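> no sequence for this one, just the structure:
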């Protein structure tokens, strides 16, 4: 008999606000007239300055720690179930603990789901935060919160779509403040723009920093005929140079007629595009087909599974491998999207986890961590695995308009788990804890702002550094506090 009424775990209902007016996000920027093609999101200019030298205050920056060089962010969109995968409660009633059994891991005293055997093997490499909490139930708004570290409200409305007034995500901030200056983009996103409920999910584009700091959308490297947008052109370099000279001539003749910020941005875009197209280093970085077969198989080859959430995440393994190649080549930040609300377990929750979500997540993420470690790259590469929220502790509990079947779990932002590894993080640290039902933080609650401060600190930026939006209004990178016990 169920002795836990539906209201045992109340949750704020912040998912029902009016959505913002949808904007068309089609931009100019094609090189089609030159016989070339690049995605509209490749608009990176060389930033006007590098970040100032770190002010190593004792509270924010561990003085002896070298900052990470790159970051790989795995975004498990949809809301990964902490209580079924990583923060299991085997002594709780059956309608809370679910059907899975915990297994031991390489980190003494820590357990994961029985369907994550390879993840269990890498737990000693990870820092675990079990007490992340915020009040936003909506997918889009909470994604924005977790990917920018800024509260998703404007004019008393939830931020649920892209806007030039939005705060920039981590990749855009790093592209501006820590530019690499090479031919490769500083910020890459895979496999495609995130979309949900009739709009693109915010937290990917650069917001008020301007589209110069938007990510390069690299496509899906698991496609059999994968070609990087804009790089696999049959136009020879000689013809590219000829057309570049022609463009320069036309521009010089028209220069007196226009000298606007837009034209200057276009010039910078063309320069970056030409550099990317003609760069052997860029071409090499994206040649995932040059990886040995056993490496590609270790990460996971595409295998679509019908009838489950996420379809078996067929892109995930090769996206993880591509991310390793890109940071190895010098890209500052790579985000990997699980895709299509893959972890949104309203119904047939366990079927999707067992058959479609746990196996590829287990294989791909463990391969990434082990590969970075074996190559000596983990210490200088920050790896972050997070989602916008977790799932309800009680099966069948309804917290959103999507609801949940008796075997499903609805949205739960009040307490969930994230992972960090490498990049100066202290391996094997477990920070914070949830209560006996995985419903609320029992100790050391952590906010999305704290996560942002931790990421920026690990990358060598002062979270208190000020930035300005397009209206010259000041913002801080993060209003949170870095989680100091995570740093070695």
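The structure has been received and is ready for your questions. Fair warning: this is a prediction, and the values are worked out from it, not measured in the lab.
> And residue 188, how far from residue 168?
Separation of residue 188 from residue 168 (C-beta to C-beta, to the nearest Å): 15 Å. (Each C-beta comes from the backbone N, C-alpha and C, glycine too.)
> Kindly apply the preceding question to residue 296 instead.
33 Å.
> Compare those two (neighbour count), which wins?
In this view residue 296 and residue 168 are compared by other C-beta atoms under 10 Å, and residue 168 has more residues nearby, 27 against 18.
> Looks like the more buried one contacts residue 207 (just checking).
Yes - here residue 168 reaches residue 207: they are 4.6 Å apart, a contact under C-beta atoms under 8 Å.
> Give me the common contacts of those two.
Residues touching both residue 168 and residue 207 by C-beta atoms under 8 Å, 6 or more residues apart in numbering: residue 148.
> Residue 128 belongs to a strand?
Yes - counting by DSSP: H, G, I helix; E, B strand; the rest coil, residue 128 is found in a strand.
> What sits closest to it if chain neighbours are left out?
Counting by C-beta to C-beta, 6 or more residues apart in numbering, residue 128 lies nearest to residue 430, which is 4.7 Å off, once chain neighbours are set aside.
> Residue 120 now?
residue 105 is the one closest to residue 120 (C-beta to C-beta, 6+ apart), at 4.0 Å.
> So which bits of stretch 83-97 are buried?
Going by neighbour count (16 or more other C-beta atoms under 10 Å), the buried part of stretch 83-97 is 83-89, 92, 96-97.
> Which single one of these is nearest to residue 132?
Closest approach between those and residue 132, by C-beta to C-beta: residue 87, at 10.6 Å.
> List the contacts of that closest one.
Taking C-beta under 8 Å, 6+ apart, we find residue 87 in contact with 130, 416-417, 434, 438.
> and the residues you listed, which of them are in strands?
Among the contacts of residue 87, the ones falling in strands (DSSP state E) are 130, 416-417, 434.
> Need the residues you listed in JSON lines (columns: distance to residue 470, neighbour count and pLDDT).
Listed next are those as JSON lines, based on distance: C-beta to C-beta, whole Å; neighbours: other C-beta atoms under 10 Å; pLDDT from 0 to 100:
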{"residue": "130", "distance to residue 470": "38", "neighbour count": "23", "pLDDT": "98"}
{"residue": "416", "distance to residue 470": "33", "neighbour count": "30", "pLDDT": "98"}
{"residue": "417", "distance to residue 470": "36", "neighbour count": "24", "pLDDT": "98"}
{"residue": "434", "distance to residue 470": "40", "neighbour count": "26", "pLDDT": "98"}
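> For residue 164, state which of those is nearest.
Nearest to residue 164 among the ones in strands among the contacts of residue 87, counting by C-beta to C-beta, is residue 416 at 30.2 Å.
> That closest one pairs with what?
residue 132 (DSSP bridges).
> looking at it, it is touching residue 129, isn't it?
No - contact status for residue 416 versus residue 129: not in contact, 9.3 Å apart, counting by C-beta under 8 Å.
> By mean pLDDT, which helix or strand of the protein comes out lowest?
One helix or strand of the chain scores below all others by mean pLDDT, DSSP states H and E: helix 237-254, with a mean of 55.
> Just give the nearest non-adjacent residue to residue 164, would you?
Leaving aside its sequence neighbours, residue 164 is closest to residue 208 (6.1 Å, by C-beta to C-beta, 6+ apart).
> and the one you found, which of the three is it?
Secondary structure, three-state DSSP: residue 208 is helix.
> which residues does it contact?
164-168, 469-470.
> So which of those is surrounded by the most neighbours?
In those, the most neighbours by other C-beta under 10 Å go to residue 167, 29 neighbours.
> Now that one. Nearest residue, chain neighbours left out?
Counting by C-beta to C-beta, 6+ apart, the residue nearest residue 167 is residue 150, at 3.9 Å.
> tell me which element that neighbour falls in.
Under the criterion of DSSP states H and E, residue 150 resides outside all helices and strands.
> ok, now the one 10 residues further on?
When secondary structure is defined using DSSP H and E, no element contains residue 160, which sits outside every helix and strand.
> I figured it was touching residue 198, is that so?
No - with contacts counted by C-beta under 8 Å, residue 160 stays clear of residue 198, the gap being 9.4 Å.
> The two - which one has more neighbours?
More crowded of residue 160 and residue 198, by other C-beta under 10 Å: residue 160, with 27 against 10.
> returning to that earlier point: can you pull the pLDDT of the residue nearest to residue 128?
On pLDDT, residue 430 comes in at 98.
> Please name the residues that touch it.
Neighbouring residues of residue 430 by C-beta under 8 Å, 6+ apart: 107, 110, 127-128, 130.
> quick one: it from residue 417, how far?
Following C-beta to C-beta, the distance that separates residue 430 from residue 417 is 10 Å.
> and for the two, which residues touch both?
Common neighbours of residue 430 and residue 417 (C-beta under 8 Å, 6+ apart) are 128, 130.
> so which of the ones in strands among the contacts of residue 87 comes closest to residue 194?
Closest to residue 194 out of those is residue 416 (18.7 Å), distances taken as C-beta to C-beta.
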